[in-house]
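Trainee: Take this sequence and fold it.
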Amino acid sequence: MNQELLTYLRTYISSTHDNWVSLLPWAEYAHNSLYTTSTGMSPFKCALGYQPPLIPDSHPNTEVPSVQDYISNLKTFWRKAKATLLRTSAQQKKVTDRRRRIPPRLRRGQFVWLSTRNLPLKQPSGKLAPRYIGPFRVLAQITPVTYQLALPPTLRIHPTFHVSLLKPFHRSTLSKPQKKTPPPRVIDGLPAYTVNKILDSRWSRGSLQYLVDWEGYGPEERSWVSEKDILDPNLIQDFHRNFPDHPVRASGAARRGGGNVTIPASRQRRRQK
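Mentor: Alright, predicted model coming up:
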């Protein structure tokens, strides 16, 4: 609608762009008089039950020339507005049909990629965020164009999606399959990852940090974690018992936990694969 209106105004507006307000009623009337494929009738007929006439085809002669000119101008504006809207609508349909792709036929149990277009992902940079995530297994076809997926509970979103947001997953024979990493648990609204063991400790900007080896992840994923993010104090005690010469806090309060590390939102992306 907006594109059609802009095309009409751009075509018939004056060079000084000061008469666009007078053109709006004719654009509105022309739009509401056009037949639409979605309803099978014009917006006027859909709302009012009939098509309001613009100007009677026959009208009594008048001795005032300005009245005749006014009626003639009205008919001219109406024809131009209708022709422009029809032409713009046809052009938009042609472009849309050229870009439209046939939706894939998905079956139950098939794996698909899920578009992140409408997902509330917390990423440091939206431009660098992945365009698709997954793959996820198709559980059921809800309607001819919507499917239900098996999503991890950490996503916390409705599992039904339009087929336009899905893309079939195909296994590549050119690269080795990546080792599947365990998904994080959610503790107090933040992802928590299980620690395999602590490898080292250091002081960084006045904060004690530990080099953590994550359970289910390779050596390349080891990272330095702040002491306050480690929930299980036994992990720290065992490390310093085995390595008494490494940096350690002189005194501190005991912490509760279960062998997990809570990662702040700014560092979530580093742990998720």
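Trainee: ranges for the helices of the stretch 151-273 of the chain?
Mentor: 233-242, 268-271 (DSSP state H, counting those that start in this stretch).
Trainee: Output the contacting helices and strands for the longest one.
Mentor: Looking back up the chat, that one is helix 233-242. Counting contacts by 3 or more Cβ pairs under 8 Å, 6 or more residues apart in numbering; DSSP states H and E, helix 233-242 is packed against strand 190-204. All C-beta atoms are positioned from the backbone trio N, CA, C, and that covers glycine.
Trainee: got the angle for the strand it packs on vs helix 233-242?
Mentor: Interaxial angle, strand 190-204 versus helix 233-242 (axes from the mean of the first three to the mean of the last three Cα atoms, to 10 degrees): 30 degrees.
Trainee: residues of strand 190-204 that come out buried?
Mentor: Within strand 190-204, the residues that qualify as buried are 191-195, 198, 201, counting by 16 or more other Cβ atoms under 10 Å.
Trainee: outside of stretch 209-221, which residues touch it?
Mentor: Stretch 209-221 is contacted by residues 179, 181-182, 193-203, 222-227, 230, 236, 239, 261, 271 when judged by Cβ atoms under 8 Å, 6 or more residues apart in numbering.
Trainee: Of all the residues in that stretch, which ones are buried?
Mentor: Residues of stretch 209-221 classed as buried: 209-210, 212-214, 217 (neighbour count, 16+ other Cβ under 10 Å).
Trainee: longest helix in this protein, by residue count?
Mentor: Ordering each helix of the chain by length in residues (DSSP state H) puts helix 65-99 first.
Trainee: what packs against it?
Mentor: helix 2-12, helix 20-33.
Trainee: Only alpha carbons, please: show stretch 182-198 as CSV.
Mentor: Written as CSV, here are the backbone C-alpha positions of stretch 182-198 (Å, rounded to 0.1, in the frame of the first residue of the first chain):
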residue,chain,number,x,y,z
PRO,A,182,26.4,-30.7,25.7
PRO,A,183,23.9,-27.9,25.9
PRO,A,184,24.1,-25.6,29.0
ARG,A,185,21.8,-25.8,31.9
VAL,A,186,20.0,-22.7,33.1
ILE,A,187,20.6,-21.5,36.7
ASP,A,188,19.1,-18.2,37.9
GLY,A,189,18.3,-17.3,34.3
LEU,A,190,21.9,-17.8,33.1
PRO,A,191,23.6,-20.7,31.2
ALA,A,192,25.7,-22.9,33.4
TYR,A,193,28.4,-25.3,32.1
THR,A,194,29.9,-28.3,33.9
VAL,A,195,33.6,-28.0,34.8
ASN,A,196,35.8,-31.0,34.1
LYS,A,197,38.7,-29.6,36.1
ILE,A,198,40.7,-26.4,36.9
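Trainee: all strands for the stretch 101-250 of the chain, in order.
Mentor: Using DSSP state E, counting those that start in this stretch, the strands of the stretch 101-250 of the chain run over 111-115, 132-143, 146-150, 160-162, 166-168, 185-187, 190-204, 207-214, 223-226.
Trainee: how far does the third one sit from the chain's center?
Mentor: It stands for strand 146-150. Strand 146-150 has its C-alpha centroid displaced from the chain centroid by 17 Å (Cα atoms, centre = their mean, to the nearest Å).
Trainee: elements contacting that strand?
Mentor: Contacts defined by 3+ Cβ pairs under 8 Å, 6+ apart place strand 146-150 against strand 111-115, strand 132-143, strand 160-162.
Trainee: Mind listing residues that contact it?
Mentor: 106, 112, 114, 136-142, 159-163, 166.
Trainee: what about 10 Å?
Mentor: Applying Cβ atoms under 10 Å, 6 or more residues apart in numbering, the contact partners of strand 146-150 are 106-112, 114, 134-142, 155, 157-166.
Trainee: Excluding chain neighbours, give the residue nearest to Gln110 in space.
Mentor: Excluding the flanking residues, the one nearest Gln110 by Cβ to Cβ, 6 or more residues apart in numbering is Val138, at 4.9 Å.
Trainee: burial of the one you found, as a residue count?
Mentor: Residues contacting Val138 under the criterion other Cβ atoms under 10 Å number 20.
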